[in-house]
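**Student:** Take this sequence and fold it.
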Amino acid sequence: MQKGMRLNDGHVAHLGLLAKKDGARRGYLSKRSADNTKWHTKWFALLQNMLFYFETDSSSRPSGLYLLEGCVCDRAPSPKPPLSAKDSLEKQHYFTVNFNHENQKTLELRTEDAKDCDEWVAAIAHASYRNLATEHEALMQKYLHLLQIVETEKTVAKQLRQQIEDGEIEIERLKAEIASLLKDHELLSPVQSFLRGWLCRRKWKTIIQDYIRSPHADSMRKRNQVVFSMLEAEAEYVQQLHILVNNFLRPLRMAASSKKPPITHDDVSSIFLNSETIMFLHQIFYQGLKARISSWPTLVLADLFDILLPMLNIYQEFVRNHQYSLQILAHCKQNRDFDKLLKHYEAKPDCEERTLETFLTYPMFQIPRYILTLHELLAHTPHEHVERNSLDYAKSKLEELSRIMHDEVSETENIRKNLAIERMIIEGCEILLDTSQTFVRQGSLIQVPMSEKGKITRGRLGSLSLRKEGERQCFLFSKHLIICTRGSGGKLHLTKNGVISLIDCTLVEEPESTDEDAKTSGPDIDHLDFKIVVEPKDSSSFTVILVASSRQEKAAWTSDISQVGANILFLCRSDASLYCDDVDIRFSKTMNSCKVLQIRYASVERLLERLTDLRFLSIDFLNTFLHSYRVFTTALVVLDKLITIYKKPISAIPARSLELLFANSQNNKLLYGEPPKSPRANRKFSSPPPLSISKSSSPSRRRKLSLNIPIITGGKALDLAALSCSSNGYAGVYSSMAPFSKTTLDINKLYVSSGYPNKIPDEGEAASEKQEESVPGKQSESLWVWGALAQGATLGAVAVSGFPTDQRNGDKEFVIRRAATNRVLNVLRHWVSKHSQDFETNEELKFRVIGFLEEVIHDPELLTQERKAAANIIRTLTQEDPGDNQITLEEVVQMAEGVRAEPFENHSALEIAEQLTLLDHLVFKKIPYEEFFGQGWMKLEKNERTPYIMKNTKHFNDVSNLIASEIIRNEEIAARVCAIEKWVAVADICRCLHNYNAVLEITSSLNRSAIFRLKKTWLKVSKQTKALIDKLQKLVSSEGRFKNLREALKNCDPPCVPYLGMYLTDLAFIEEGTPNYTEDGLVNFSKMRMISHIIREIRQFQQTSYKIEHQPKVTQYLLDQSCVMDEESLYEASLRIEPKLPS
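**Tutor:** Sure thing, here's the model as predicted:
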């Protein structure tokens, strides 16, 4: 306790004033004098633990000061008064203050009021801090007691140490006694065994604990997890096979035995070949897996695969029959009774809206699933493991079967796609049941109606009503173009003349128009329309005019239509050795859309050779090569090869190509039949140069696709071998070309009359045709000849008649040069129009191509159509305006920076859904296709290798965080419920807009732990909203390789924003399962083809843009990350608004 303190006069005066003003107790008291004889009245003031007294209440300075700390204040009895003062003393009340300080006298005070006395006593007692002093004394006592205990414990510890030392001495003595006794007695062996066992158990426990923490144990745990996942997948697969057999195979067998069978037993056997056996096999395999799981942790699986491997020949038969089974199924569906019965089977609840083709495809994906499982097992199986060699052997055998299967799967995917489209068309479409049809592309185009007089109403092109009324869903196949309208429920209706056979078509890329038409059509429609003139043999001709949404989309459509025409042109192949395996090239057993064998493996040199081989043209090969060439070579190497072919065609073209091209027709027989006899078979096929920008440069360009008469006559085919070199140096053609060789031919023979593009004169009409062609102004612009086949035959005739004698003498070199020039321009045009990203990201490549084409233009030997083709490619390369008026992502971000973000409540669900769809598509379309190779998004340097894929991923996560933060930030339950229901409405609108990426963004955010745990909030959400959430989650579920999402994408029309993660999973599956190169160093072109198919589907969705008006305020809200919380903050906020319930 504080016993004293120093105060000067200033301190005392100041504290005295504070006591007078703010003291806890103030008033007059009587104080006994020092000699105990008199009482003096003073004015007292109590401030904290200080008692001041003044002469009067008006005194400015205190007369004295008492420190009350540690004092004791009690009532005191009244002293015995003298008799004379008895009455006055009875009215006085006394109390004393005893100080603990040495030599300090007790303070005696009195007052006239008892209540006042009690209050003074209580106030002084409180100010004395006596309780604290008491506690301090008690604690000091405890402290002293603890010190005694510590001293005692030290003494005890010292004694124990002494005892231990004594014990150790005693132990040593006993050990010595035991050692001496062991020499004479063998009685201690049980004790030794006990101690040895105890030590072994202790050591074994340490070993087990160390193993549990070891990497090997962790690997074994992961291995067991792989097996558990494999068991679940196997159970699902057995269930799928069970549905296939019990819901389809066995009922169709019974139907085939009825009185009026809708299908024969042979067809049932062909469709379901080995299906029942495969089901029994996997039921046994599944039961074996379950038995192994029951004996966990001893998981030995190699013998199960040993049982499965000998049965793979059953799978091989199923795989080889798969394409044929789908063909038989498509044929049987032409029977209405069978189609009705099949739809009844597919409507059963077990099928879950899946078709029979889907169930027939499941076994095709099971072997790759086993391969991936074995890869994971081997990754977590040590090299010294007893199963290592057996699992390696099983993996090699399954991979061998997978190589056979993957070509079949890619081929049957096309058949399934055709059947899916056929199901969507209400009227049905028999040409899609032709399994030779190959799907090329689909999209929305606007069809322009024709006036009553047969003229095109171009003036309506810019009208909004035409855009709505004339919107058509177009599907391009390898033989037909199908035009439909979209009805209710997503079903399709065929339009009048909606099925167009491309074999009877002429494509006009830039239809003729007057200045008045150009003014009425508007600048936004200019150069977006193209015309297809159809002239069927058995009916009157008609014209279809289609308008694309952008120049890029128009270029894609016209390029694909012209390439399909080139494929039809090359349906006949004349060199069987072209598809024979060699040391540096090997072929698969399946055929592509051109019905030629697909390249499986090849060296880089052979792939470049095929790109420029005059005998070989395939849109599948060209697309695959241009998508994937950067894996095995560079763009400059490809360009150098094209330049070499153009400059030195004789030395650059392989000898085997020249041997075929100029083989003697007497020594070489046709692969598919004899040369055609009719002079109409020598018709000249035409195609235009690439896309032009200005109408003035090319008023009318046509691509001739009418190929049935010239190519196929009586089931026989035209061959390049027909073009031979005679002894006098003139190009020899079929004898059927004699009528043309007797007349004078010039370069104008390459033109087709604009008025009658399909009419090729017979022998008797040659004179009138000659007169017509001599009239100026009757010719349309020159047409580019597509394909080496037409190049050989037609240019051979040109070399004979249309050029001077000095050129005729070198007609062999002339024909090769023309064919090589057209091939180079063809490849460049396709490269520039459909793979423009290569030139946007590689300035050196772009300038080299432009320089080369300018050199080509100045070549004096170039034909007119070739020169214009090169000029149009340059225009396409150098144009800055792509013709697409959609806003760019950079512009959206820039506009959003200057706008204040409004709160979530200020935007409607429709506005948010539309702007979110716009943003998602802008981010999605920016991804270049080269980022899809090599799994760069899974590497450590993923931000450098795949920046746009990572931006897409970041955008997905940002939106998901924004949604969760918007829900969590609401403190009230009603506000959170409202936010959840509004975001679900946004997700449903996005589904209608085909923005499946946003649907997954929203559903995944609702499933986050911070949102999902809000039980009180979810109890208030309506049943309709919960049902809608379940529907959306089922749509984008990853179950069955995103089977529901894939089905939706297959049935929807662009524009669309798919979930990118689904495609990345497919690409990772392909990359993991197959290497880029074989052991011989050949390029795995089958793998490139599979990746190219995925990229084509992605680019189809990238190229079609949304027509959504940009709203900066909404996009600013969606892009604003200032109020977005991270995962940890979200969970903390979730716990704050709805704390955990006590368990």
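**Student:** Over to Ile31. Which of the three states is it?
**Tutor:** Residue 31: Lys, not Ile. strand (DSSP: H, G, I helix; E, B strand; the rest coil).
**Student:** Spit out the contact partners of it.
**Tutor:** When the contact criterion is CB atoms under 8 Å, 6 or more residues apart in numbering, the partners of Lys31 are Trp39, His40, Thr41, Lys42, Tyr53, Leu107, Glu108, Leu109. (Glycine included, C-beta is placed from N, CA and C.)
**Student:** Next: Gly10.
**Tutor:** With contacts defined as CB under 8 Å, 6+ apart, Gly10 has no neighbours.
**Student:** quick one: it from Thr56, how far?
**Tutor:** Relative to Thr56, Gly10 is positioned 22 Å away (CB to CB, to the nearest Å).
**Student:** sorry, back to before: buried subset of the contacts of Lys31?
**Tutor:** Buried by 16 or more other CB atoms under 10 Å: Lys42, Tyr53, Leu107, Glu108, Leu109, out of the contacts of Lys31.
**Student:** Please produce CSV containing those, extended by distance to Thr373, pLDDT and secondary structure.
**Tutor:** Listed next are those as CSV, based on distance: CB to CB, whole Å; pLDDT from 0 to 100; DSSP: H, G, I helix; E, B strand; the rest coil:
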residue, distance to Thr373, pLDDT, secondary structure
Lys42, 101, 90, strand
Tyr53, 98, 91, strand
Leu107, 96, 88, strand
Glu108, 101, 88, strand
Leu109, 98, 90, strand
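**Student:** If we only consider these, which is nearest to Tyr393?
**Tutor:** Taking CB to CB as the measure, Tyr393 lies nearest Leu107 of these, at 107.2 Å.
**Student:** That closest one: what's it in contact with?
**Tutor:** By CB under 8 Å, 6+ apart, the neighbours of Leu107 are Lys31, Tyr66, Thr96, Val97, Phe99.
**Student:** Among the residues you listed, find the lowest-pLDDT one for me.
**Tutor:** Taking those together, the minimum pLDDT is found at Phe99 (84).
**Student:** what's the distance between Gln1100 and Cys1056?
**Tutor:** Going from Gln1100 to Cys1056 by CB to CB gives 9 Å.
**Student:** ok, these two, which is more surrounded?
**Tutor:** Ranked by neighbour count (other CB atoms under 10 Å), Gln1100 and Cys1056 place Cys1056 first, with 21 against 17.
**Student:** right, and that one touches Leu1045 too?
**Tutor:** No: applying CB atoms under 8 Å as the test, Cys1056 and Leu1045 come out as separate, 11.0 Å apart.
**Student:** Mutual contacts of these two, please.
**Tutor:** With CB under 8 Å, 6+ apart, Cys1056 and Leu1045 have common neighbours Tyr996.
**Student:** Can you add secondary structure and distance to Ala975 and give the contacts of Leu107 back as CSV?
**Tutor:** Shown next, in CSV, are the contacts of Leu107 (DSSP: H, G, I helix; E, B strand; the rest coil; distance: CB to CB, whole Å):
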residue, secondary structure, distance to Ala975
Lys31, strand, 70
Tyr66, strand, 64
Thr96, strand, 68
Val97, strand, 64
Phe99, coil, 66
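**Student:** By neighbours, which of these wins?
**Tutor:** Ranking those using other CB under 10 Å puts Val97 first, with 22 neighbours.
**Student:** For it, list each beta-bridge partner.
**Tutor:** For Val97, the beta-bridge partners under DSSP bridges are Cys73, Leu107.
**Student:** who are the neighbours in contact with it?
**Tutor:** By CB under 8 Å, 6+ apart, the contact set of Val97 is Leu51, Tyr66, Leu68, Cys71, Val72, Cys73, Thr106, Leu107, Glu108, Leu109, Ile124.
**Student:** tell me which element Leu174 falls in.
**Tutor:** helix 130-182 (DSSP states H and E).
**Student:** Lys531 too?
**Tutor:** In the assignment (DSSP H and E), Lys531 maps to strand 529-534.
**Student:** Work out the sheet partners of that strand and label each with its direction, please.
**Tutor:** Its sheet considered, strand 529-534 pairs with strand 505-508 (antiparallel), strand 542-547 (antiparallel) by DSSP bridges.
**Student:** Pull the helix or strand just after the last one out as PDB, backbone CA atoms only.
**Tutor:** Right, strand 542-547. Later in the chain than strand 542-547, the nearest helix or strand by DSSP H and E is helix 551-569. Coordinates of the C-alpha atoms in helix 551-569 are reproduced here as PDB (Å, rounded to 0.1, in the frame of the first residue of the first chain):
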ATOM      1  CA  ARG A 551     -18.600 -11.700 -93.400                       C
ATOM      2  CA  GLN A 552     -16.800 -14.200 -91.400                       C
ATOM      3  CA  GLU A 553     -19.800 -16.500 -91.200                       C
ATOM      4  CA  LYS A 554     -20.500 -16.000 -94.900                       C
ATOM      5  CA  ALA A 555     -16.900 -17.000 -95.700                       C
ATOM      6  CA  ALA A 556     -17.200 -20.100 -93.600                       C
ATOM      7  CA  TRP A 557     -20.500 -21.200 -95.300                       C
ATOM      8  CA  THR A 558     -19.300 -20.500 -98.800                       C
ATOM      9  CA  SER A 559     -16.000 -22.100 -98.200                       C
ATOM     10  CA  ASP A 560     -17.600 -25.300 -96.800                       C
ATOM     11  CA  ILE A 561     -20.200 -25.500 -99.600                       C
ATOM     12  CA  SER A 562     -17.400 -25.200-102.200                       C
ATOM     13  CA  GLN A 563     -15.300 -27.700-100.400                       C
ATOM     14  CA  VAL A 564     -18.200 -30.100-100.200                       C
ATOM     15  CA  GLY A 565     -18.500 -29.700-104.000                       C
ATOM     16  CA  ALA A 566     -14.900 -30.500-104.300                       C
ATOM     17  CA  ASN A 567     -15.400 -33.600-102.200                       C
ATOM     18  CA  ILE A 568     -18.200 -34.700-104.500                       C
ATOM     19  CA  LEU A 569     -15.900 -34.100-107.500                       C
END
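**Student:** pLDDT of helix 551-569, averaged?
**Tutor:** 76.
**Student:** got it, and stretch 829-845?
**Tutor:** If you average the pLDDT over stretch 829-845, you get 84.
**Student:** Please apply the same query to stretch 640-657.
**Tutor:** For stretch 640-657, mean pLDDT rounds to 75.
**Student:** Likewise for stretch 325-337?
**Tutor:** Rounded mean pLDDT across stretch 325-337 is 83.
**Student:** try stretch 277-286
**Tutor:** 86.
**Student:** from the middle of its chain, how far away would that stretch be?
**Tutor:** For stretch 277-286, the separation from the chain centroid amounts to 34 Å (computed by CA atoms, centre = their mean, to the nearest Å).
**Student:** Same question for stretch 527-538.
**Tutor:** Relative to its chain's centre, stretch 527-538 lies at 38 Å (CA atoms, centre = their mean).
**Student:** Using CSV, write out the CA atom coordinates for it.
**Tutor:** Extracted in CSV, the C-alpha atoms of stretch 527-538 (Å, rounded to 0.1, in the frame of the first residue of the first chain):
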residue,chain,number,x,y,z
HIS,A,527,-21.6,-8.5,-99.0
LEU,A,528,-23.4,-10.8,-96.6
ASP,A,529,-25.7,-12.7,-99.0
PHE,A,530,-24.9,-15.5,-101.4
LYS,A,531,-27.0,-17.4,-103.9
ILE,A,532,-27.5,-21.1,-104.7
VAL,A,533,-29.0,-21.9,-108.1
VAL,A,534,-30.6,-25.3,-108.1
GLU,A,535,-31.4,-27.1,-111.4
PRO,A,536,-32.7,-30.6,-110.6
LYS,A,537,-33.0,-33.0,-113.6
ASP,A,538,-36.6,-33.9,-112.8
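**Student:** Ramachandran angles for Lys537?
**Tutor:** When read as degrees, to the nearest 10, the backbone of Lys537 gives phi -70, psi -30.
**Student:** That one touches Ile503, doesn't it?
**Tutor:** No: Lys537 is beyond contact range of Ile503, at 9.7 Å (criterion: CB under 8 Å).
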